[in-house]
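In: Sequence plus the predicted model coming up.
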Amino acid sequence: MIDKNWSRKAVVYHIYPLSFNDSNNDGMGDLEGIIQKLDYLNDGSENSLGVNTVWLSPIYRSPMADFGYDISDYYDIDPIFGDLASFDKLVSEAHKRGIRMIMDFVPNHTSNQHPWFLESRASRTGSKRDWYIWRDPKPDGSPPNNWLSVFGGPAWTLDDKTGQYYHHSFLPEQPDLNWRNPEVKEEMQKVLHFWLHRKVDGFRTDAVYHLVKDGQFRDDPPNPDYDPGKMEPYSSVLHKYSQGRSETLDNLKSFCEVLGLHPDKFIISEAYIDLPELAKMYRACDNNLHAPINFNLMTIPLMAGEFRNFIDKFDSSLPPEKWPNYVLGNHDRPRVATRLGQDRARLAAMIMLTLRGMPFVYYGDELGMENVDIPEEKMLDPWGKRVPGFGLGRDGERTPMQWDGSKNAGFSRSKPWLPTASNYKVRNIETEMKDPRSMLNLFRRLIHYRKKSPALLEGSYHSIDVAGEVFAYVRQCPAEKLLVVANFSATEQNLSLRSETAQVICNTFMDAEYGKEVDTGKLVLRPYEGYVLSFA
Ligand code: GLC
């Protein structure tokens with residue numbers, strides 16, 4: 001069904017496919033496993049989680065040096081996950097349940113095993129040489145400039161055969177494509193068409209900020225605030241020339257143009273940037289088919305004033321045709337329940353699910369899944385292995401989904417590729433479904449309420465002044481008015497609101513009765529408690 005506005009109603013569920021559900025018991029998740037769990041995501045009733053969009057981290061053919069973010073064939077599925085037929089089945093089963101599918105799209109780099117790179121590195125004069133970024137060494141043999149790889153060490157690797165360095169923003173196994181070459185752009189447009197023809201609803205573009213580099217290859221300037229004891233070496237320079245160039249926006253436009261040729265599609269892109277840059281990226285595409293992902297809620301301190309300040313500015317900085325979005329967790333950052341603790345994770349989730357904009361739920365965050373401590377010698381993630389000592393390893397937030405209390409949390413009958421959390425017998429979907437006060441039931445309540453709520457879907461947002469360490473805002477449209485109050489402090493807070501009668505939609509502890517009438521003048525919030533209230 002064509003619905004040009006679906007992205008405005010989307011609640012995006014981010015699946016890390018290796019860790020979601022393993023159907024063939026090889027210890028790694030797969031597409032058939034996801035299909036088996038689609039009813040959990042949305043079976044059309046309020047028994048399921050209720051999400052209506054799924055974003056899959058990469059499932060393309062890959063040697064898995066960066067667990068799928070190193071692609072060796074953009075037009076096929078890695079056998080770990082299944083094949084094109086299982087992919088088509090996943091899309092059609094998802095669509096039957098009203099779930100849109102968004103694929104990860106990795107245009108910045110390929111695997112070093114990709115035939116394009118093999119051809120590129122074979123000779124200086126081959127037809128694919130200029131598809132990647134090759135430069136001569138400096139006279140002393142050192143790399144062409146001081147650019148660094150996000151995953152540690154220089155962003156250049158010398159290729160002995162042809163005597164030149166190639167550039168990689170991430171691993172040496174992930175050479176960067178040359179986006180100044182129009183053939184690269186054309187090929188990537190083909191990739192988008194290929195998956196759009198297979199009926200995907202959109203893409204999440206990886207590492208977009210890295211796409212274009214300085215044409216003169218100037219050195220990045222030193223970071224005056226760099227503290228080597230506390231900060232990873234990548235922060236020793238400001239990435240002025242190696243990323244974030246204005247030409248990136250033209251490439252985004254080229255993606256939007258492709259999407260515009262198919263009805264009903266949407267693209268979001270990964271960029272860890274601040275508000276002014278976000279606003280620029282939002283404006284890149286005239287056809288409103290694109291939004292940069294806003295990660296700021298993961299980085300600003302969990303304080304009422306900080307949240308209010310950021311959300312007020314973000315919400316008001318976008319023109320009405322652009323749609324905000326909010327993220328609390330992903331496969332690259334420690335889990336929200338680990339960063340904030342369970343109570344504050346509930347508070348943050350309540351805020352995200354009641355703001356104006358597209359919320360992103362990282363698989364397992366709806367249960368309050370926590371990072372699993374993985375000792376350095378057992379670490380698989382290349383980032384953690386290459387840059388030890390800074391807590392950068394990402395295995396901890398990628399552990400198997402906790403379905404039930406059976407062996408391996410019901411994820412697989414074989415040993416999972418990453419260890420299962422030790423608390424899985426208590427914290428799993430089966431037990432949380434039954435517990436009316438669980439985090440899962442808070443997510444379900446809010447997601448289902450959101451779907452029917454004109455104030456949450458289309459209403460305005462404005463924050464209001466209340467006493468204490470409390471963030472409060474009103475979501476309103478002609479048909480409905482809601483008040484959200486969130487106590488960010490460890491002490492009880494008396495809000496001193498004007499006395500009015502309101503009905504409880506939910507509180508974060510899920511122990512207030514749905515529909516119960518309360519007097520807002522007498523509302524007292526427990527530590528880290530939040531409420532959603534409705535004015536009839
Ligand atoms: C993005 C992905 C991350 C990956 C990196 C390189 O940041 O989210 O998981 O390692 O790009 O592709």
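Out: On my side now, so go ahead.
In: Can you name the residues of the stretch 251-400 of the chain sitting close to the ligand?
Out: Counting by CB under 6 Å from any ligand atom, the positions of the stretch 251-400 of the chain adjacent to the ligand are Glu270, His331, Asp332. No exception for glycine: its C-beta is placed from N, CA and C like everyone else's.
In: swap in the chain?
Out: Asp66, Tyr69, Val106, Phe170, Asp206, Ala207, Glu270, His331, Asp332.
In: rerun at 8 Å
Out: Residues of the chain lying close to the ligand by CB under 8 Å from any ligand atom are 57, 66-67, 69-70, 106, 108-109, 150-151, 169-171, 174, 206-207, 270, 330-332, 383, 394.
In: still on that earlier bit, just name the closest of the residues of the stretch 251-400 of the chain next to the ligand to Glu46, please.
Out: Closest to Glu46 out of those is His331 (28.3 Å), distances taken as CB to CB.
In: Please report phi then psi for that closest one.
Out: The phi/psi pair for His331 (degrees, to the nearest 10) reads phi -80, psi 0.
In: residue contacts, Glu500?
Out: Contacts for Glu500 (CB atoms under 8 Å, 6 or more residues apart in numbering) come out as Asp519, Thr520, Gly521, Phe535.
In: Against the ligand, how distant is it?
Out: 44 Å (CB to the nearest ligand atom, to the nearest Å).
In: ok, now Lys451?
Out: Using CB to the nearest ligand atom, Lys451 is found at 28 Å from the ligand.
In: swap in Val426?
Out: In terms of CB to the nearest ligand atom, Val426 sits 29 Å off from the ligand.
In: Which secondary structure element is home to that residue?
Out: Counting by DSSP states H and E, no helix or strand carries Val426.
In: could I get the contacts of Glu500 as JSON lines with secondary structure?
Out: Below are the contacts of Glu500 laid out as JSON lines (DSSP: H, G, I helix; E, B strand; the rest coil):
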{"residue": "Asp519", "secondary structure": "strand"}
{"residue": "Thr520", "secondary structure": "helix"}
{"residue": "Gly521", "secondary structure": "helix"}
{"residue": "Phe535", "secondary structure": "strand"}
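In: with the residues of the stretch 251-400 of the chain next to the ligand in mind, which one is nearest to Asn24?
Out: For these, the nearest to Asn24 is His331 (22.0 Å; CB to CB).
In: What count of nearby residues applies to the closest one?
Out: Close neighbours of His331, defined as other CB atoms under 10 Å, add up to 19.
In: Provide a list of residues in contact with the residue nearest to it when sequence neighbours are not counted.
Out: The shortest distance from His331 to any non-neighbouring residue, by CB to CB, 6 or more residues apart in numbering, is to Tyr16 (4.8 Å). By CB under 8 Å, 6+ apart, the contact list for Tyr16 reads Gly29, Ser57, His331, Tyr362, Tyr363, Arg398.
In: let's see it at 6 Å
Out: Tyr16 sits next to Ser57, His331, Arg398 when contact means CB atoms under 6 Å, 6 or more residues apart in numbering.
In: Isn't the last one up against Pro17?
Out: It refers to Arg398. No: in this structure, Arg398 is not within contact of Pro17 by CB atoms under 6 Å, at 10.5 Å.
In: quick revisit: buried ones only from the contacts of Glu500, please, as a ChimeraX command.
Out: Selection of buried members from the contacts of Glu500 for ChimeraX, criterion 16 or more other CB atoms under 10 Å:
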select :520
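In: Let me have the contacts of Glu500 in a markdown table, extended by distance to Ser499.
Out: A markdown table is the format used below for the contacts of Glu500 (distance: CB to CB, whole Å):
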| residue | distance to Ser499 |
| --- | --- |
| Asp519 | 6 |
| Thr520 | 6 |
| Gly521 | 3 |
| Phe535 | 12 |
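In: Which two of the contacts of Glu500 have the greatest separation?
Out: Farthest pair in those, by CB to CB: Gly521 and Phe535, 13.4 Å.
In: Report the closest residue of the stretch 201-350 of the chain relative to the ligand.
Out: Ala207 (4.3 Å; CB to the nearest ligand atom).
In: quick one: what helix or strand has the closest residue to Val361 other than its chain neighbours in it?
Out: Ranked by CB to CB, 6+ apart and with sequence neighbours excluded, the top spatial neighbour of Val361 is Tyr13, at 5.1 Å. Using DSSP H and E, the element containing Tyr13 is strand 12-15.
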